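pasted the sequence and its predicted model underneath.
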Amino acid sequence: MRYLRVLYLDIKNLVMNLAWVFYAVFFPLLLIIILGYLTRFDYGTRIQSYDYYGVTLIVFSVFNTGTIAANSFMEEKIKMGNMRIVFSPIHASWIYISKIIASAIFDFICHFIVLGILVYGFRFQIGQNPEWLLFLMLVGEIFGAAVGVCLCCVLKSESVCNQILSLIIQLAATLGGVFFSLDRFGDMFMKLSYMSPIKWMIQSCFLCIYDHQLRPIYLCIMSLIIGIGLCLMICQKTWHGEDCL
């Protein structure tokens with residue numbers, strides 16, 4: 001019960017922070033609506049602008065879970081709560097594990113709301129296997145949160161972590177074709193784009209929605225799970241309770 005209590009408090013802290021709610025719900029939704037409207041004549045009838053930006057920007061937001069996880073892990077006002085857990089009969093590793101789970105759950109619910117608005121308000125297509133899209137989204141949220149917390153454990157600083165994390169996510173988003181596809185710039189850029197995990201996830205979503213292919217989603221989920229495992233191993237090696245002090 002103690003572990004669930006800590007998880008509940010972590011989720012509550014996220015929900016009560018209006019800035020994070022805006023960042024997770026309204027920011028991606030407004031961006032999708034604005035870009036979808038401005039480029040509504042640039043896409044065909046099968047894939048509309050709202051379909052393209054709905055997929056790419058939700059995936060982008062999923063990976064941005066790392067930023068929220070980092071803030072909820074080592075923000076100054078959170079450290080006092082972390083210190084109490086360190087001196088409680090709960091294993092110290094639950095501090096970062098709880099932050100990963102709470103951030104993933106919080107962002108998943110927020111992005112699920114965004115997805116629902118797009119489906120019912122903008123005829124966003126989700127294909128014949130929406131359950132796999134949602135599962136991929138959930139695993140992506142956990143991966144993003146794990147990366148954010150992992151960087152905090154290694155760097156011991158929320159501000160430095162956010163700077164590096166923002167740079168990594170922006171680079172991955174550019175390579176992954178969040179705002180525009182690099183495929184049009186030739187083979188070299190197309191090959192470079194596959195270095196980005198965001199590209200893997202976007203490609204998997206499009207193949208699932210429009211070609212009903214599930215194998216790419218399976219491979220993407222497995223890759224993300226391996227990444228989560230590696231992040232947890234690094235956290236285990238680098239996290240110390242005194243980091244909260």
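Ah, there it is.

next, residue 129: phi, psi?
Phi and psi for residue 129, reported as degrees, to the nearest 10, are phi -130, psi 60.

can you pull the contacts of the residue nearest to it when sequence neighbours are not counted?
Beyond its immediate neighbours in the sequence, the residue positioned closest to residue 129 (CB to CB, 6 or more residues apart in numbering) is residue 208, lying 5.7 Å away. Heads up, the C-betas are built off the backbone N, CA and C, glycines and all. Taking CB atoms under 8 Å, 6 or more residues apart in numbering as the contact definition, residue 208 lies against 127, 129, 132-133, 214, 216-217.

which parts of the host helix or strand of residue 208 are buried?
Per DSSP states H and E, residue 208 falls inside helix 197-211. With burial defined by 16 or more other CB atoms under 10 Å, the residues of helix 197-211 counted as buried are 197-209.

looking at the residue nearest to residue 129 now. What's its pLDDT?
Residue 208 is assigned a pLDDT of 92 by the prediction.

now swap in the one 10 residues further on and tell me
Per-residue confidence at residue 218 stands at 94 (pLDDT).

residue 9 now?
On the pLDDT scale, residue 9 is placed at 79.

and what of residue 241?
Per-residue pLDDT puts residue 241 at 62.

next one: residue 28
At residue 28, the pLDDT recorded in the model is 91.

check contacts around it.
Listed by CB under 8 Å, 6+ apart, the contact set of residue 28 reads 57-58, 60-61, 111, 114.
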